[in-house]
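Q: Curious how this folds, go ahead:
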Amino acid sequence: MNLKSLGWNNELQSLLEQYNKQNWIPGRVILEHKRMYRVLTETGELLAEITGKMRFQADGREDFPAVGDWVLVTPRASEGKATIHEILPRFSKFSRKVAGLTTEEQIVATNINTIFLVNALNQDFNLRRLERYLLLTWESGANPVIVLTKADLALNIEQTISEIEAVAFGVPVHVTSAKNHEGLEVLKTYLEVGQTVALLGSSGAGKSTLTNYLLGEQKQLVQDIRDEDGKGRHTTTHRELVHLPTGGMIIDTPGMRELQLWESDGAMSQSFSDVEELADQCYFRDCEHKNEPKCAVREAIETGSLDEARFLSYTKLQRELAYLERKNDKKAQMVEKDKWKKIAGDRTRVHRR
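A: Numbers count the residues shown, from 1 in each chain. All right, here's what the predicted structure looks like:
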């Protein structure tokens, strides 16, 4: 396996040389399952696990390997296994809050160059969901590309594109139809040698169909959408990085109808620049955009230059981020407290000896 085709570059090579460990080799995580990892290396694919030291020092999810990570391992080629010692720095990381009440990070994928935000042009299309995907994509450090699938089922494509362009400023939009073989070839330009693309979208959006097309084979199962609501059934059940014949890599992900935010405050200005520019024009600096006089946001909504549904989406995401920040702050305090308890316990045991 040629590491450059997996995304290895001079910057990563210089990081490797800093460790100066003769028996450590680089590899890329292609699959994760219950703290066991499939890692691609120059010597082939290996089943790996982390060291006890890594496990002990881990403070949270980000300290464990994820699909897309570059790791340093000691291989046991005769066994087809390896031990992971280090995770090399990530240049991008797409995360969300785990589903449910637990405040915990779920890393979807790392070291991604481009994220295809896959949306089906049927009755399941949702502009507000797309705003949420864009917000997390900008925060991840990857570049978003909107891929509209099932164009053969669309009634008014031009109107849908116009609505998308009003919320996704400057983001490329590609209209495709696997049934009619339209608009698919241009997607390959994002998958040059060493480039990694992740596919994100709800179930039934067409991610597996796109993956099969780009691979040139039927690797992923494809299921029909439900006729009554246009929503899909889960096809992909896990995240996996797949090496393409062209040299690029693709990560198909399970459908995510529930996509809760995780540390996306820094991307709000990029995703909702139109709303925040209007807010800066309000007469009162602490304007809540409700009943205050000379509110530029309310005026824009009344004149129709700002869609009220977009503004409500903006305020909803702000409240969600504020709540998450409060929860994370409490969790950080508890982690720090437990850390010092552990240190104090270790010192006590040493003293007794």
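Q: can you list the residues that contact stretch 44-58?
A: For stretch 44-58, contacts defined as CB atoms under 8 Å, 6 or more residues apart in numbering pick out 1, 27, 30, 35-39, 63-65, 71, 73, 75-77, 80-86. Glycine gets a C-beta too; all of them are placed from N, C-alpha and C.
Q: If we use 10 Å, what do you get?
A: Residues from elsewhere that reach stretch 44-58, judged by CB atoms under 10 Å, 6 or more residues apart in numbering: 1, 25, 27, 29-31, 33, 35-41, 63-65, 71, 73-77, 79-87, 342.
Q: residues contacting the residue lying closest to Ala296 once chain neighbours are set aside?
A: Nearest residue to Ala296 in three dimensions, chain neighbours excluded: Gln281, at 3.8 Å (CB to CB, 6 or more residues apart in numbering). Neighbouring residues of Gln281 by CB under 10 Å, 6+ apart: 287, 294-297, 299-300.
Q: isn't there a strand covering Gln281?
A: No: read with DSSP: H, G, I helix; E, B strand; the rest coil, Gln281 is coil and lies in no strand.
Q: So what does it have for phi and psi?
A: phi -90, psi 0 (degrees, to the nearest 10).
Q: start the count at 420, not 1, going forward
A: Renumbered: residue one is now 420, and that last one reads Gln700.
Q: hang on, the earlier thing: in helices, which of the contacts of Gln700 fall?
A: Judged by DSSP state H, the contacts of Gln700 include 715-716, 718-719 as members of helices.
Q: Please, a PyMOL command that selects the buried ones among those?
A: Only the buried entries of the ones in helices among the contacts of Gln700 go into this PyMOL selection, using 16 or more other CB atoms under 10 Å:
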select buried, resi 715+716+719
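Q: ok, so of the ones in helices among the contacts of Gln700, who is nearest Val605?
A: Closest approach between these and Val605, by CB to CB: Ala719, at 34.9 Å.
Q: Please name the residues that touch the residue nearest to that closest one when sequence neighbours are not counted.
A: In space, and not counting its chain neighbours, Ala719 is closest to Leu725: 3.8 Å by CB to CB, 6+ apart. Each residue near Leu725 by CB under 10 Å, 6+ apart is listed here: 585, 693-694, 697, 715-719, 733.
Q: Does Leu725 belong to a helix, a strand or coil?
A: Judged by three-state DSSP, the three-state class of Leu725 is coil.
Q: Please report how far it lies from Glu498.
A: Taking CB to CB, to the nearest Å as the measure, Leu725 falls 61 Å from Glu498.
Q: try Val486
A: Taking CB to CB, one finds Val486 at 23 Å from Glu498.
Q: same thing with Asp543?
A: Separation of Asp543 from Glu498 (CB to CB) stands at 46 Å.
Q: Tell me which of these two has more neighbours.
A: Shown here are Asp543 and Glu498; by other CB atoms under 10 Å, Asp543 has more neighbours (21 against 9).
Q: Now do that one, the pLDDT please.
A: Looking at Asp543, its pLDDT reads 75.
Q: now do Asn747
A: Here, the pLDDT recorded for Asn747 equals 63.
Q: go on, Met455?
A: Per-residue confidence (pLDDT) for Met455: 93.
Q: Can you name the helix or strand that the nearest residue to it once chain neighbours are set aside falls in?
A: With sequence-adjacent residues excluded and distances taken as CB to CB, 6+ apart, Met455 is closest to Glu468, at 5.7 Å. Following DSSP states H and E, one finds Glu468 within strand 463-469.
Q: If you count neighbours, what's buried in that strand?
A: Here strand 463-469 shows 465, 467-469 as buried, counting by 16+ other CB under 10 Å.
Q: Tell me how far stretch 723-742 lies from the chain's centre.
A: 21 Å (CA atoms, centre = their mean, to the nearest Å).
Q: Pull out the buried positions in it.
A: By neighbour count on 16+ other CB under 10 Å, the buried set for stretch 723-742 is 725-726, 729-730, 732-733, 736, 740.
Q: and it, average pLDDT?
A: 87.
Q: how's the protein carved up into domains?
A: For the chain, automatic domain parsing gives the domain ranges 422-506, 512-671.
Q: Could you identify which of those domains is most buried?
A: Greatest average neighbour count among the domains of the chain goes to domain 512-671 (a mean of 18), per mean count of other CB atoms under 10 Å.
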